[in-house]
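Peer 1: The sequence and its predicted three-dimensional model are supplied below.
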Amino acid sequence: MAEPFYTSHSVQKTKLMSTLSLIPIDNSLETLVNFAPANQKPKLAQGEDPALSEVTKQIAFLVRKHHLEYDQFVDVCQRVRRKLGLKRPKPERTLPQILSQEELHRYWKAINGNPDHEIMLKLLFYTAVRVSELVNIRVADVDLGSCKIFINQGKGSKDRYILFPATFRLTLETLLKAHPERRYLFENRHYKAYTPRRIQQIVAQYALKAGIEKHVHPHLFRHQMLTALTRHGLSDAQIQLISGHESKKSLEIYQHIGLESVEKAYQQAVREVAV
């Protein structure tokens, strides 16, 4: 006698799981149970494994037989994965793409003629600050004496300090004296702070002018500087303080004190990568 349509979902799943356990399983099932979304066509390569094709047909038959909806099918696949101990492969992490020294030289050369943009983008580079933090730097946040800038409510709503090169102090001082009316360190011609989107556009336009084919964006400068500091021997703990990456709770309270111990190594390294 045919099974009634109104059989409970839990009974349907239990019976389907029992039936699935009778199907010969090999490693090819991992691809099957990590199935693609319904709106994505399955990738069927030429010469596909016949065993995989057969397993697919059997499971499709069982799903139809037990009248499973999409969410029920997802649940069954998750159970099968757990029962077989199958795990999704971790996505490969790709290293951030950075500019070569020759490309970097061409980039800064392309900015010549616009002092405001040159200072803004070099500060972005030297400090490895996030663009969302850069646009919110106020004049009052800049400490020329100690070569530090206060970042108010940066990523994760955390306050921190960033360092800038001692050789860049005079440049910033000149900028501030030239624009005493500013509230923000960098403002557009309408006396408003730049938006992150506008800085992205500025960064990209100079890359185009320099004939650089790589995708150049504000965060690339962050990768560029942190990579340079790493190559010059700064430790992970020192890089963490400079970059503002998530730190241990015990370090967060004393971050402004710990930054002083990093300053000498930072200043020495940044002199060698000056642009």
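Peer 2: Perfect, thanks for sending it.

Peer 1: how about residue 109, what does it touch?
Peer 2: Going by CB atoms under 8 Å, 6 or more residues apart in numbering, residue 109 touches residue 210. Where you see a C-beta, it was placed from the backbone N, CA and C, and this is true even at glycine.

Peer 1: hey, which helix or strand in the protein has the poorest pLDDT?
Peer 2: helix 249-252 (a mean of 38; mean pLDDT, DSSP states H and E).

Peer 1: can you pull out the helices in this protein?
Peer 2: Applying DSSP state H to the chain gives helices spanning 9-20, 29-33, 50-65, 70-84, 101-111, 115-127, 131-134, 169-178, 196-209, 218-231, 236-243, 249-252, 255-272.

Peer 1: Considering those, which stretch scores lowest in mean pLDDT?
Peer 2: For the helices of the chain, mean pLDDT drops lowest on helix 249-252, to a mean of 38.

Peer 1: gap between the residue lying closest to residue 159 once chain neighbours are set aside and residue 79?
Peer 2: Excluding its sequence neighbours, the residue lying closest to residue 159 (CB to CB, 6 or more residues apart in numbering) is residue 152, at 5.9 Å. Computed as CB to CB, to the nearest Å, the residue 152 to residue 79 distance reads 49 Å.

Peer 1: Please apply the same query to residue 266.
Peer 2: Distance from residue 266 to residue 79, by CB to CB: 53 Å.

Peer 1: Pick out whichever of these two has more residues nearby.
Peer 2: residue 266 (25 against 16; other CB atoms under 10 Å).

Peer 1: Isn't that one up against residue 242?
Peer 2: Yes - the criterion here is CB atoms under 8 Å, and residue 266 meets it with residue 242 at 6.1 Å.

Peer 1: who touches both of those two?
Peer 2: 163, 229, 234.

Peer 1: Output these as TSV; include the columns neighbour count.
Peer 2: Formatted as TSV, the shared contacts of residue 266 and residue 242 follow (neighbours: other CB atoms under 10 Å):
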residue	neighbour count
163	21
229	22
234	20
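
Peer 1: which one among those residues gets closest to residue 130?
Peer 2: Relative to residue 130, the closest of the shared contacts of residue 266 and residue 242 is residue 163; by CB to CB it sits at 14.7 Å.

Peer 1: That closest one touches residue 151, doesn't it?
Peer 2: No - counting by CB under 8 Å, residue 163 stays clear of residue 151, with 11.2 Å between them.

Peer 1: separation between residue 269 and residue 80?
Peer 2: In terms of CB to CB, residue 269 sits 52 Å off from residue 80.

Peer 1: still on that earlier bit, how deep is the residue nearest to residue 159 tucked in, by neighbour count?
Peer 2: 14.

Peer 1: ok, now which ones touch it?
Peer 2: Counted by CB under 8 Å, 6+ apart, residue 152 has contacts 136, 138, 141, 159.

Peer 1: Looking at the residues you listed, which two lie furthest apart in space?
Peer 2: Maximum pairwise distance in these, criterion CB to CB, is 13.1 Å, between 138 and 159.

Peer 1: ok, residue 206 touching residue 106?
Peer 2: No - with contact defined as CB under 8 Å, residue 206 does not count as touching residue 106 (9.6 Å).

Peer 1: neighbour count winner among the two?
Peer 2: Taking neighbours as other CB under 10 Å, residue 206 and residue 106 compare with residue 206 leading, 20 against 17.

Peer 1: Quick check: chain neighbours aside, which residue is closest to that one?
Peer 2: Nearest non-adjacent residue to residue 206 (CB to CB, 6+ apart): residue 110, at 4.8 Å.

Peer 1: Now do the contacts for the one you found.
Peer 2: By CB under 8 Å, 6+ apart, the residues touching residue 110 are 206-207, 209-210.

Peer 1: Could you break this protein into its assigned domains?
Peer 2: Annotated domains of the chain cover 9-42+49-84, 101-272 [automatic domain parsing].
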